[in-house]
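>>> how would this look folded up:
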Amino acid sequence: MNLNSLLEQAKIAARMASEKILRVYKSNDFEIKAKNDQSPLTRADQAAHQVIASVLEKTGIPMLSEEGAQIPYSRRKKWETFWLIDPLDGTKEFIKRNGEFTVNIALVHHHQPILGVVQTPVTNDLYYAIKASGAQKNGKNIQSASFYLNQSGIKVVASRSHLNPETQVFLDALIKPKIISKGSSLKLMMIAEGEAHLYPRFAPTMEWDTAAAQIIVEEAGGKVFIQNSKNQVHYNKENLLNPNFLVQGREKTAH
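Prediction:
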């Protein structure tokens, strides 16, 4: 497997998807529909999925996409390696026109992401990483920030729409935390590039929401742990719902 070559294909797919998304974003015709789980779907989600699939199918590696066909576990459990894609992460942010949405493309091998691309269509930023090769944003190395858990003013990124009681309990245990709001996988990118220290996600997400961002965070020196454990989030489970998790920069232990 030539990961550098596959990364270039993923970057091309992400850029092409971004162009499709922006065309819809600048129009007044989103064609908003409700999916079975009542989450929104737009013309942009579908256009982005189609262009990503057209690029990545040439690699011969199977694909699992939020907007693709539902693939039964009996089939995908045999996959050692596969593309895991969210063509438009942050559809609600897209509809609000706040710019905080991304294209997420990950390559998963033996249940762990080994390559990830996160593209932000509005700002045209491209984050990417390959396992054991570091993380980059627009061609420059990025690194997560180091911190002590008991320091005052830790920057915690939280979703505008998911500040539930469990998250509030976590925040209450910190010393004067600074809360930053952000949409989509940009929350994890803030950890990766050192703009925040912690991101507790104690509310539902799906595997395609996090895989690409997880490898970027990890290669930037951060961690993505299952809540109340030191176990990594892993992928291609029978149920594609993620466990609750905590994203963090480089925690220092003695203070």
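>>> From now on I want contacts and neighbour counts done on CA atoms only, so please keep to that.
OK.
>>> Can you give the domain ranges for this structure?
For the chain, automatic domain parsing gives the domain ranges 3-135, 146-252.
>>> Make CSV out of those and add mean neighbour count and mean pLDDT.
As requested, the domains of the chain are exported to CSV (neighbours: other Cα atoms under 10 Å; pLDDT from 0 to 100):
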stretch, mean neighbour count, mean pLDDT
domain 3-135, 19, 93
domain 146-252, 19, 94
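>>> now the strands: where do they sit in the stretch 151-255 of the chain?
Ranges of strands within the stretch 151-255 of the chain are 155-158, 178-181, 198-201, 223-226, 245-248, 250-252, based on DSSP state E, counting those that start in this stretch.
>>> just how off-centre is the fifth one within its chain?
Think strand 245-248. 12 Å (Cα atoms, centre = their mean, to the nearest Å).
>>> elements contacting that strand?
Strand 245-248 sits against helix 186-192, strand 198-201, strand 223-226, with contacts defined as 3 or more Cα pairs under 8 Å, 6 or more residues apart in numbering; DSSP states H and E.
>>> which residues touch residue 196?
Residue 196 makes contact with 145, 154, 155, 156, 157, 180, 190, 249, according to Cα atoms under 8 Å, 6 or more residues apart in numbering.
>>> residues in contact with the last one?
Residues near residue 249 by Cα under 8 Å, 6+ apart: 144-147, 191-192, 194, 196-198, 217, 221-223.
>>> could I get those as TSV with distance to residue 78?
Output for those, formatted as TSV (distance: Cα to Cα, whole Å):
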residue	distance to residue 78
144	34
145	38
146	39
147	40
191	33
192	31
194	37
196	37
197	37
198	35
217	27
221	31
222	30
223	27
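>>> Looking at those residues, spot the one nearest residue 138.
residue 192 (13.4 Å; Cα to Cα).
>>> Tell me if I'm right that that closest one and residue 143 touch.
Yes. Look at residue 192 against residue 143 with Cα atoms under 8 Å: they come within range, at 6.0 Å.
>>> any residues in contact with both of these two?
Common contact partners of residue 192 and residue 143 (Cα under 8 Å, 6+ apart): 220, 221.
>>> now for the strands of the stretch 151-255 of the chain, which one comes closest to residue 32?
Closest to residue 32 of the strands of the stretch 151-255 of the chain is strand 178-181 (Cα to Cα; 24.6 Å).
>>> how about the closest one as PDB, C-alpha atoms only?
Written as PDB, here are the backbone C-alpha positions of strand 178-181 (Å, rounded to 0.1, in the frame of the first residue of the first chain):
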ATOM      1  CA  LYS A 178     -12.300  28.900  28.500                       C
ATOM      2  CA  ILE A 179     -15.100  27.500  26.300                       C
ATOM      3  CA  ILE A 180     -14.700  27.700  22.600                       C
ATOM      4  CA  SER A 181     -17.600  26.900  20.300                       C
END
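>>> Tabulate the contacts of residue 196 (JSON lines), appending distance to residue 241.
Output for the contacts of residue 196, formatted as JSON lines (distance: Cα to Cα, whole Å):
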{"residue": "145", "distance to residue 241": "28"}
{"residue": "154", "distance to residue 241": "29"}
{"residue": "155", "distance to residue 241": "27"}
{"residue": "156", "distance to residue 241": "23"}
{"residue": "157", "distance to residue 241": "21"}
{"residue": "180", "distance to residue 241": "25"}
{"residue": "190", "distance to residue 241": "23"}
{"residue": "249", "distance to residue 241": "24"}
